[in-house]
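**Q** Compute the structure for the input listed below.
(one chain, ligands or ions: 1)
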Amino acid sequence: MRRKMAAGNWKMNGSSAALGVISELAAAHADSTDTDTDIVICPPAPLLFRASELARSSALTIGAQDCHSAPSGAFTGDIAAPMIADTGATHVIVGHSERRDAYHESNSDVRAKTMAAWDAGLTAILCIGESAATREAGNTLDIIAEQLSGSVPDGTTGGNLVVAYEPVWAIGTGAVATTAQINEVHDFIRTRLIQRLGDEVGTAIRLLYGGSVKPGNATEIFQCANVDGALVGGASLKAQDFTPIIHALIAS
Ligand SMILES: O=C(CO)COP(=O)(O)O
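**A** Numbering: from 1, shown residues only. The predicted model follows:
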């Protein structure tokens, strides 16, 4: 059985004062008997060291929101995957639609970042998802197939790769995808991963849904067969919002 994952992407939000959320989440999970769920918090890079310290000896783990594809070099302002690992973080988000859009990251860029993450011993949370225009044109599965074949490198063990399906039109809009839409895309992703990587690895990769996941819709989303968890933006910034989502996942 695949482990579940509740991942929180804080994006460019949160000062050191926000780190209290990590302690609150750790405390809320301290008495849990659940051992099947990974809780990953991805704060802005300047908070990674302190977040990793706070999460130590709790059920929480820490991830970054992006990495460069090179292990070091003259790339002012960028962060290399080994640096992320050095903070104690264990995960990194790659290919988020906000980066694909604002920084023109291509599928091959995302592929290179994913390999860099693996080289540093990190688990990559690789994001894919269609725009509103793509969905309206009926091309969702074509784009998903293209993103998968272009962004996912060969050589995953299954455990070091998590694929997050985040329809761009559902991010930060409150317009959550229907379970029919989520099922269609997640089942398609699973089939494609198995076709390409074989049954064992293709089945082991976890698939997260992201896009306006809230306490009120989490239970329904987690009932989808190929949804192993969520990548949560806004609702991961407050323990009182993220905790019920984690509980809904554990109960699913
Ligand atoms: O982009 C997301 C997570 O990476 C989703 O953000 P929201 O949950 O705020 O819609």
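
**Q** Residues contacting whichever strand or helix holds Asp142, please?
**A** Element membership of Asp142, judged by DSSP states H and E, is helix 140-151. In this structure, residues lying in contact with helix 140-151 by CB atoms under 8 Å, 6 or more residues apart in numbering are 94-95, 106-108, 110-111, 114, 126, 128-130, 134, 163, 165, 184-185, 188-189, 192-193, 196. All C-beta spots, glycine's among them, are computed from the backbone N, C-alpha and C.

**Q** run the last query once more with 10 Å
**A** If you take CB atoms under 10 Å, 6 or more residues apart in numbering as the criterion, helix 140-151 is touched by 94-95, 100, 105-114, 124, 126-131, 134-135, 137, 139, 163, 165, 167, 181, 184-186, 188-189, 192-193, 196.

**Q** Now whichever residue of the stretch 101-250 of the chain sits closest to the ligand. Nearest residue, chain neighbours left out?
**A** Closest contact between the stretch 101-250 of the chain and the ligand, by CB to the nearest ligand atom, is at Gly233 (2.2 Å). Of all residues beyond its chain neighbours, the one nearest Gly233 is Asn9 (5.3 Å), with distances taken as CB to CB, 6 or more residues apart in numbering.

**Q** List phi and psi for the one you found.
**A** Taking degrees, to the nearest 10, you get phi -100, psi 110 for the backbone angles of Asn9.

**Q** Over to Ala64?
**A** According to degrees, to the nearest 10, the main-chain angles of Ala64 amount to phi -100, psi 170.

**Q** returning to what we had before: in the helix holding Asp142, which residues are buried?
**A** Going by neighbour count (16 or more other CB atoms under 10 Å), the buried part of helix 140-151 is Thr140, Ile143, Ile144, Gln147, Leu148, Gly150, Ser151.

**Q** Can you dump the C-alpha atoms of it in PDB for me?
**A** What follows is helix 140-151, C-alpha atoms only, in PDB (Å, rounded to 0.1, in the frame of the first residue of the first chain):
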ATOM      1  CA  THR A 140      -6.300  18.200 -20.800                       C
ATOM      2  CA  LEU A 141      -5.000  14.700 -21.100                       C
ATOM      3  CA  ASP A 142      -2.800  15.600 -24.000                       C
ATOM      4  CA  ILE A 143      -1.000  18.200 -21.900                       C
ATOM      5  CA  ILE A 144      -0.800  15.900 -18.900                       C
ATOM      6  CA  ALA A 145       0.800  13.200 -21.100                       C
ATOM      7  CA  GLU A 146       3.200  15.800 -22.500                       C
ATOM      8  CA  GLN A 147       4.200  17.100 -19.100                       C
ATOM      9  CA  LEU A 148       4.600  13.600 -17.700                       C
ATOM     10  CA  SER A 149       6.800  12.400 -20.600                       C
ATOM     11  CA  GLY A 150       8.800  15.600 -20.600                       C
ATOM     12  CA  SER A 151       9.200  16.200 -16.900                       C
END
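
**Q** I appreciate the help and will end here.
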